[in-house]
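>>> Based on what follows, work out the 3D shape:
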Amino acid sequence: MTATRPGQEDPLGSQKLSSNFGPRKHTRRTDTGSFVEEKASSARMESKSRFREYFSLHTSPEERRLVRKIDFFILTFCCLSYFFNYLDRMNLANAYVSGMKEELGFKGNQLNQINTVFTVGYIIGQIPSNLSLHYIRPRYFLPAMMAIWASLTMITAATHSPRSIMAIRFFQGIAEATTFVGTHYILGSWYTPRELGKRSGIFTASGLAGTMIGGFMQTGIHSALDGRGGLSGWRWLFIIDGLITLPIALYGFLLFPDTPSTTTAFYLTAPERALAVARMPMTSTPHPKPKVFSWSFARTVLASWDWWGFVTLWIIAAQTESFSSNTLLSLYLKSSPTRKYSVAQLNNYPTGVPAVGIVSTLFWATLTDFLGGRRDLVGYFIGVTGIATSAMILAARGGGREAVVFAAYYWAGAVYACQAVFFAWANDAMRAREPVFRGVVLAGMNLGSNAVNAWWSILFYGASMAPWFERGMYAMISTSVALVVWTAGLTYVAETNEKRAEAPGRDGSGSSREVVESPKEGDERV
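Alright, predicted model coming up:
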C-alpha cells in the first residue's frame with residue numbers, strides 16, 4: 001500500500017480498516033468470489049494511487065511552478081538544439097541519395113570516410129566541451145557552438161568535392177560535440193531521479209524527430225527548389241537547415257538558465273532559485289574545485305567504477321544503434337536487389353526508423369522512472385532486439401522477403417531508447433560526485449562510443465557492403481550479447497555500491513566517493 005502523505009485523508013480510515021480485518025477472514029470462507037473481487041478492487045485502487053503519485057511528484061505549488069518554468073526554458077532550447085543537430089547529421093545521408101553522390105563524384109566508402117572525419121572532430125571536442133561548461137556560462141557556450149555549426153552547415157552548400165565536405169565536417173564535429181553530453185549534464189543538474197528519465201527521453205526524441213523530418217524536408221526541397229538559382233536541391237537543404245538553426249542559438253543566449261547554483265535567469269525569483277538548489281542538494285552542493293588538468297584528478301576518474309562501468313556500457317550500447325546511425329535502410333534501398341526506388345521513397349521510407357525510436361525512447365524513459373530507476377531493463381530489451389533483427393535480415397538474403405527487411409530495420413529503431421535511459425542511469429549514479437567529475441564521465445561515455453564507431457562503421461557497415469551488410473549482422477549479434485552481460489554486471493556493481501553507501505558510517509556516496517583533491521585555502525567553488 002502507498003503511504004498516506006501528510007495532510008492527506010486516509011481513504012479507508014483507520015477504524016474501518018481495523019473493523020474489517022475480522023470479517024474479511026470470515027468472508028474468505030463463505031464467499032470466495034466476493035473476497036477475490038474485493039482484493040482485485042483494492043489492487044486497482046492502489047495501482048491508480050501509485051500512478052497519480054508518480055505523475056504528481058511535486059507536493060507544493062511552488063515546486064510545480066519551478067518545474068514548469070525549467071521544463072519550458074531548458075527543454076525548449078535543448079530539444080530544438082538537438083533537433084537541428086540531428087537534422088544536420090541526417091541531411092548528409094539524405095543529400096547523398098538525392099543527387100550529391102553523382103554531382104560531386106563520390107566513390108567507394110567516401111561517405112563513410114566523411115562520417116568518420118566528423119566523428120574524429122566530435123571525439124576531440126567531447127571532454128573539453130563539458131569542461132568548458134564549468135568555466136564559461138552554459139547560456140553563452142552552448143548557443144555559441146550552435147551558431148558555429150549552423151554556419152558550417154550553410155558553407156557545405158558551396159562545396160564541389162568530397163574532400164571539401166570532409167574538412168567542414170571535421171570542424172562541425174568539434175562544434176557539435178557539446179550538444180548531447182552538455183545537455184545531459186545540464187539535465188542531471190536540474191532534475192531529480194524521478195523526473196530525469198522522462199526529460200532525457202524528450203530530449204532524445206527531439207533528435208530523432210530531426211532525423212524523421214530531414215527526409216521529408218529533403219523531399220519537399222528537392223521537388224520545390226531543385227535548380228532554383230542554379231543550385232541543386234541538396235544544396236538548398238544545407239542552406240535552409242543552417243538558416244533556421246541560428247534563431248535558436250539567439251534564444252539560448254537570451255533565456256537559457258545555466259545551472260541551479262549559477263543561474264541569474266530573470267524569470268526565476270529568488271525563492272525559486274533557492275528551491276532549485278534545495279531540491280538538488282547533491283548536484284548543487286559546493287565542492288572544492290579540482291585541478292582538472294592534474295594527474296590526481298585523472299587518477300581519481302580512471303580509478304572509479306563510474307568511469308569504466310558507464311563508458312564501457314555506452315561503447316557497447318552505441319554500437320547496437322549501428323543499423324540506424326549508419327542509415328542502413330537508406331543504403332539498402334539505394335542498392336536494392338529487387339527494385340529501383342524514387343528519390344521521394346529513398347528519403348521517406350527510412351523515416352519510420354526514428355519514428356519507432358521516438359515511441360520506444362519515451363516509453364522506456366517513462367517506465368524506468370516509474371519503476372524507480374530500473375534503467376538496466378533497457379539493456380536486456382536492446383540485446384534481444386539486436387539479435388532478433390540481425391537474424392531477420394540474414395534470413396531475408398534468399399530474396400523475395402523485402403517486407404522482413406523493412407520490419408527488421410524499423411524494429412531496430414527501438415534501440416534508440418538506450419540514449420536517454422543510460423545517460424539518466426549515469427547521472428543518477430553520480431549525483432553525489434563533484435559536478436566536474438560527472439561532466440567528465442558523461443563526456444567520456446560519448447567519447448568512447450564515438451572512438452569505436454569511427455572505425456566500426458567502416459569495418460562492418462561500409463556503403464560498399466550494401467545491401468545485406470552480412471559482416472555487420474554478425475557484429476550486431478555479438479555486441480547485443482555483450483550488452484546483456486555488461487548490463488547485468490554493472491547493475492550488480494551499482495547496487496553493491498549503493499548498499500555500501502547506505503551502511504552506517506558512510507557519507508552517503510559509497511566507495512565511489514573519493515575526495516578529488518584536498519581543498520586549500522582560497523580554493524574557488526563550483
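>>> where does this structure have low pLDDT?
Applying pLDDT under 70 to the chain flags the ranges 1-59, 214-215, 282-293, 400, 503-526.
>>> show me where the stretch 151-300 of the chain has strands.
With DSSP state E, counting those that start in this stretch, there are no strands along the stretch 151-300 of the chain.
>>> meant to ask about the stretch 301-450 of the chain
Per DSSP E, counting those that start in this stretch, the stretch 301-450 of the chain carries no strands over any range.
>>> Helices along the stretch 101-250 of the chain, start to end?
101-104, 110-132, 138-156, 162-190, 193-225, 233-255 (DSSP state H, counting those that start in this stretch).
>>> Could you list the buried residues of stretch 91-111?
91-101, 104, 106, 109-111 (16 or more other C-beta atoms under 10 Å). For the C-beta atoms, the positions are set from N, CA and C on the backbone; glycine is no exception.
>>> And stretch 218-236, by the same measure?
218-219, 221-222, 225-226, 232-236.
>>> Show me how far that stretch is from its chain's centre.
32 Å (C-alpha atoms, centre = their mean, to the nearest Å).
>>> Name the surrounding residues that touch that stretch.
The contact list for stretch 218-236 (C-beta atoms under 8 Å, 6 or more residues apart in numbering) reads 91, 94-95, 98-100, 103, 157-158, 237, 239-240, 343-344, 347-348.
>>> Pull the residues that contact stretch 263-278.
With C-beta under 8 Å, 6+ apart as the test, stretch 263-278 has contacts from 62-63, 65-66, 69-70, 73, 190, 255-258, 260-261, 284.
>>> Same question for stretch 384-396.
320, 323, 401-402, 404-405, 407-409, 411-412, 414-415, 468-470, 473-474, 476-477, 479-481, 483.
>>> ok, now stretch 352-370?
54, 193-198, 200-202, 204-205, 208-209, 211-212, 323-324, 329, 374-375, 377-378, 381, 406, 409-417, 419-421, 424.
>>> check contacts around Val441.
By C-beta under 8 Å, 6+ apart, the contact list for Val441 reads 301, 304, 306-307, 310-311, 426, 430.
>>> The same query, at a cut-off of 10 Å, please.
For Val441, the contacting residues are 127, 130, 181, 185, 301, 304, 306-311, 426-427, 429-430, 433, by C-beta atoms under 10 Å, 6 or more residues apart in numbering.
>>> same thing with Leu66?
58, 60, 190, 260, 268-269, 271-273, 275-276, 279.
>>> after the strand or helix carrying it, next one along is what?
Leu66 is part of helix 61-70, with elements assigned from DSSP states H and E. Going down the chain from helix 61-70, the next helix or strand is helix 76-95, by DSSP H and E.
>>> Centre of the chain to that following helix, how far?
14 Å.
>>> Show me what it is packed up against.
helix 101-104, helix 110-132, helix 138-156, helix 162-190, helix 193-225, helix 233-255, helix 328-334, helix 343-348 (3 or more C-beta pairs under 10 Å, 6 or more residues apart in numbering; DSSP states H and E).
>>> Include distance to Val493 when you put these into a markdown table, please.
What follows is the helices and strands packed on helix 76-95, written out as a markdown table (distance: least, C-beta to C-beta, whole Å):
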| stretch | distance to Val493 |
| --- | --- |
| helix 101-104 | 46 |
| helix 110-132 | 23 |
| helix 138-156 | 31 |
| helix 162-190 | 20 |
| helix 193-225 | 18 |
| helix 233-255 | 37 |
| helix 328-334 | 33 |
| helix 343-348 | 44 |
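>>> and Leu80, which of those helices is closest to it?
With respect to Leu80, and counting by C-beta to C-beta, the nearest of the helices and strands packed on helix 76-95 is helix 233-255 at 4.7 Å.
>>> Give the buried residues for the closest one.
233-242, 245-246, 248-249, 251-252, 255.
>>> again, but for stretch 323-339
Those would be 323-334, for stretch 323-339 by 16+ other C-beta under 10 Å.
>>> Then stretch 115-130?
For stretch 115-130, by 16+ other C-beta under 10 Å, it's 115-127, 129-130.
>>> In PDB, list the C-alpha atoms belonging to that stretch.
Extracted as PDB, the C-alpha positions of stretch 115-130 are listed here (Å, rounded to 0.1, in the frame of the first residue of the first chain):
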ATOM      1  CA  ASN A 115      31.300  10.400 -41.300                       C
ATOM      2  CA  THR A 116      34.500   9.100 -39.700                       C
ATOM      3  CA  VAL A 117      36.200  12.500 -40.100                       C
ATOM      4  CA  PHE A 118      33.100  14.100 -38.400                       C
ATOM      5  CA  THR A 119      33.400  11.500 -35.600                       C
ATOM      6  CA  VAL A 120      37.100  12.400 -35.100                       C
ATOM      7  CA  GLY A 121      36.200  16.000 -34.600                       C
ATOM      8  CA  TYR A 122      33.300  15.000 -32.400                       C
ATOM      9  CA  ILE A 123      35.600  12.900 -30.200                       C
ATOM     10  CA  ILE A 124      38.200  15.600 -29.800                       C
ATOM     11  CA  GLY A 125      35.500  18.000 -28.600                       C
ATOM     12  CA  GLN A 126      33.800  15.800 -26.000                       C
ATOM     13  CA  ILE A 127      35.700  16.300 -22.800                       C
ATOM     14  CA  PRO A 128      36.900  19.900 -23.500                       C
ATOM     15  CA  SER A 129      33.300  21.000 -24.200                       C
ATOM     16  CA  ASN A 130      31.900  19.600 -21.000                       C
END
